[in-house]
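# pasting a predicted model and its sequence here:
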Amino acid sequence: MMRILIATDAWRPQINGVVQTFGEIARAVPALGATLSFLSPEGLRSVALPTYPGIRLAVTGRRTIARRIAEEQPDAIHVATEGPIGHLVRDHC
């Protein structure tokens, strides 16, 4: 079974197209014989985006990102957004 990790800075409780789309993908992927996990701001320290307080940006470092990726042991990684998490995961890859 293929293990896919999606790195996204857009996550719940945000309500937007990215979050909605990933929710639908997460529901569909098991039927395709894969598992899907997310590396998101959930569980990480975050701060509100000054101009848009409904969006929280993760404040984390390379070691935390590397540890989270190692824990998931993905076969593939998709970087979905270009925020702090997306940049750190891209650098890790």
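Noted; the coordinates are in hand.

# separation between the residue of the chain most remote from its centre and L57?
For the chain, the largest distance from the centre (C-alpha atoms, centre = their mean) belongs to T51, which lies 21.8 Å off. From T51 across to L57, the span is 11 Å (C-beta to C-beta, to the nearest Å). C-beta here means a position set from N, CA and C on the backbone, and glycine is covered the same way.

# and for I77?
Using C-beta to C-beta, I77 is found at 20 Å from L57.

# listing request: residues of the protein with sub-threshold pLDDT.
14 (pLDDT under 70).

# and the strands in the chain?
Ranges of strands in the chain, per DSSP state E, are 2-7, 34-39, 46-49, 52-58, 76-79.

# export those strands to TSV and append columns for mean neighbour count and distance to I15.
Below are the strands of the chain laid out as TSV (neighbours: other C-beta atoms under 10 Å; distance: least, C-beta to C-beta, whole Å):
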stretch	mean neighbour count	distance to I15
strand 2-7	19	18
strand 34-39	18	16
strand 46-49	14	15
strand 52-58	16	9
strand 76-79	15	21
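
# so which of these is nearest T21?
strand 2-7 (10.4 Å; C-beta to C-beta).

# other SSEs contacting that closest one?
strand 34-39, helix 62-72, strand 76-79, helix 84-92 (3 or more C-beta pairs under 8 Å, 6 or more residues apart in numbering; DSSP states H and E).

# which residues are in contact with the residue farthest from the centre of the chain?
Listed by C-beta atoms under 8 Å, 6 or more residues apart in numbering, the contact set of T51 is empty.

# what do you get for A58?
Residues near A58 by C-beta under 8 Å, 6+ apart: D9, S40, P41, L44, R45, S46, G83, P84, I85.

# quick one: it and L39, what's the gap?
For A58 relative to L39 (C-beta to C-beta), the value is 9 Å.

# neighbours around C93, how many?
By the other C-beta atoms under 10 Å criterion, the neighbourhood of C93 contains 9 residues.
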